[in-house]
Structures are given as structure tokens and as C-alpha cells.
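Asks: let me see the structure of the following:
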Amino acid sequence: MIDEGGPSKGLYETTLLSQDVRLKGRPKLCSDCGLCDSLLRPHMPKTCVFVQNQTAEIELRLHQRQREDSEEMLFGIYRAMHIARMQRPRPHAQWSGIVTSLAGRLLELGLVDGVITTGQVPGTRFAPQPFLARTPEQVYASAGNKPCLSPNLHILDDVRKSAVRRLAFIGTGCQVHMLRAAEHELDLERLYIIGIPCSDNVTYPDLQLFLQLISCSPETVVHYEFMQDFSIWLHHEQGKRERVNFIDIPMDQLGQIFHLHVSHVSIIPIHSPI
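Replies: Predicted structure coming up:
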């Protein structure tokens, strides 16, 4: 049964809070996926990946088989694997906008009634604001990575209120795990998942501090990437790129920011029969 007592905290107040305030009383591995801030919060002990990892059971239910070879042990069950980019990159996308385009296309084709995606808090560049998009234009306007904790599953309350029966969800591995483990409570006709990778557990204020400490121009950073050459590439407005060696990062000031999910990197295939 779904608890009708209401969420534990308001969505639009959370993304600007510090990690200490935001996750007070929760396990250190909490990624603030948003389920605990929805009416589905009583299901958290049975759905949270950090309480009980049910990946094998979920994959067996979705694909009617388990992972078979070394590639699937790394990437999950898949039909085919490709490296691709948009020929015409979408404005404001971090790379070329494939994730945004996939979600928008589902709406254009009428395959879904809504998409849970992530915009940004007005007046900020990276503060995430998840919402239920009902038009392709709303999805396209949400392009661009927000590398912060984002309680996307809170929007499941909006899904229930709006009577959406065919849903697409853009989210990280832990969010996808929670959603798949609880989807039987949503009475959906179809659920499409577009997975995105994650590598840390950072709130918006912590991200701002991080950029201030490592960049010569933190206010103009458009996106950044931890690269295989042991450096961070920060991409700025007007196309400028800044490179910061890992060894030059002031970890004595950042140790409490990037200590949670350093080893939790995931690339999630689309887990939905089409």
C-alpha cells in the first residue's frame, strides 16, 4: 500500500541544501534518489540498492535470462552496443544530446505520455530540478548534465496525479534500480528507461565549492569531465577548455565531498522491451 501521509520534504527546497543537511539521518551511501520524498517511501527498505541489491532478480524479470559473458558482466544484458553521437548536436547538451533526443522522440511518436527528466533551478547552471515533461519541447529544454544529487523519483507522485500510464525515465543506476524494484506500485502500461552514468554523490553547494577551488573561472564552466589522462577537463563558455591535473586538486579541502561514490561508476543500458 502507498502511504498517503505525504512526502518527507519538499522537492524544490532540497537541491540547494548542503549534504549534511540534506542527508541527515540517512546511510552514508544514500544518493537521495527521491523515493523517500514520494508517497512510495514505505517501500524503500525493499527497493533501495544500498539496502538490498536486486539487480540479478530485476534483470531476470525484464529479460527472462541472466548475464552470460564477460561483456554483460560489465555492462548488463544488451542486444547490441554502439558508440554514437548526434550529427547535429543539441544546444546546451553536454556532449551531443542523444539522451535528450531519445526521450523527446518517445513523446513525438506518442509512445509515452510523459518523461521524468531534469531541468535546472532558475538562476543556476547546475542545480537540478527534476520534473515531468509532457511535450518534446520541454524535454529538449532540459538538455545538459547536472552533476549533482537529484531526487528524480520524487516526481512519481506527479505521475500518479496526472494519470500517466506510459512513462519514460531518465536516471542514474541507483535511481533505475529503485524504480524497477517499485514499478509494480505504479500501475503503468509501459516503462522506458534511459540510463545515464554517475560517479559521485555531490550536492549543488559542494559542486560550487569544487569548481571554485579548481577552476580559474568557475562561473563560466559549462561542463567538466574526469579524464583518463589523470586530469579534469573543464569546458567553459565561448569554447575555452581548462585542464587541471589530479595531483593539483586540493583534496585536503575536498575530502568530504568526493569520498562517497568514487568506486560507484555505472553505465546503464536501456532496460525496456521495445
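
Asks: so what touches stretch 214-234?
Replies: With contacts defined as CB atoms under 8 Å, 6 or more residues apart in numbering, stretch 214-234 is touched by 94, 125, 144-145, 147, 199, 208, 211-212, 235-238, 240-250. All C-beta atoms are positioned from the backbone trio N, CA, C, and that covers glycine.

Asks: again, only this time at 7 Å
Replies: 94, 145, 199, 211-212, 235-237, 241-246, 249 (CB atoms under 7 Å, 6 or more residues apart in numbering).

Asks: just the buried positions in stretch 128-147, please.
Replies: Across stretch 128-147, burial judged by 16 or more other CB atoms under 10 Å covers 128-133, 136, 138-147.

Asks: for that stretch, how far is the first residue from the last?
Replies: End-to-end distance of stretch 128-147 (CA to CA, to the nearest Å): 8 Å.

Asks: what of stretch 73-93?
Replies: Length of stretch 73-93, first residue to last, CA to CA: 30 Å.

Asks: buried residues in that stretch?
Replies: Under the neighbour-count criterion of 16+ other CB under 10 Å, stretch 73-93 has 76-77, 90, 92-93 buried.

Asks: quick check: the farthest pair among the residues you listed?
Replies: Greatest spatial distance among those (CB to CB): 77 and 92, at 32.2 Å.

Asks: which ones among the buried residues of stretch 73-93 are found in strands?
Replies: Among the buried residues of stretch 73-93, the subset assigned to strands under DSSP state E is empty.

Asks: closest to residue 67 out of the residues you listed?
Replies: For the buried residues of stretch 73-93, the minimum distance to residue 67 (CB to CB) is 5.8 Å, reached by residue 77.

Asks: pretty sure the closest one sits against residue 67.
Replies: Yes. Applying CB atoms under 7 Å as the test, residue 77 and residue 67 come out as touching, 5.8 Å apart.

Asks: quick one, grab the pLDDT at residue 74.
Replies: Looking at residue 74, its pLDDT is 88.

Asks: for the helix or strand containing it, name the packing helices and strands.
Replies: Using DSSP states H and E, residue 74 sits in helix 70-75. The contact analysis (3 or more CB pairs under 7 Å, 6 or more residues apart in numbering; DSSP states H and E) places helix 70-75 against no helix or strand.

Asks: next, the buried residues of the helix or strand just after it.
Replies: Once the chain leaves helix 70-75, the next helix or strand it forms, by DSSP H and E, is helix 98-108. Residues of helix 98-108 classed as buried by neighbour count (16+ other CB under 10 Å): 99-104, 106-107.

Asks: which stretches in this protein count as strands?
Replies: Remark: strands assigned in the chain by DSSP E are 114-120, 128-133, 166-171, 190-195, 221-227, 231-236, 241-245.

Asks: out of those, which gets the lowest mean score?
Replies: Lowest mean pLDDT within those: strand 221-227, at a mean of 90.

Asks: give the pairing partners of it; include direction for each.
Replies: Paired neighbours of strand 221-227 in the sheet (DSSP bridges): strand 231-236 (antiparallel).

Asks: gap between the partner strand and the chain center?
Replies: 21 Å (CA atoms, centre = their mean, to the nearest Å).

Asks: what's the angle from that strand to strand 241-245?
Replies: If you take axes from the mean of the first three to the mean of the last three CA atoms, to 10 degrees, strand 231-236 sits at 160 degrees to strand 241-245.

Asks: use 278 as the first number from now on
Replies: In the new numbering, first residue 278, that becomes strand 508-513.

Asks: buried stuff in strand 508-513?
Replies: Residues 508-509, 511, 513 are the ones in strand 508-513 that count as buried (16+ other CB under 10 Å).

Asks: so what's residue 382 closest to, chain neighbours aside?
Replies: residue 413 (7.6 Å; CB to CB, 6 or more residues apart in numbering).

Asks: can you list the domains in this protein?
Replies: Here the domain assignment for the chain is 289-472, 481-531, based on automatic domain parsing.

Asks: for these, which one ends up most surrounded?
Replies: Mean neighbour count, computed with mean count of other CB atoms under 10 Å, is highest for domain 289-472 among the domains of the chain, reaching a mean of 18.

Asks: low pLDDT regions in the stretch 278-427 of the chain?
Replies: Low-confidence segments of the stretch 278-427 of the chain (pLDDT under 70): 278-294, 296-297, 299-305.
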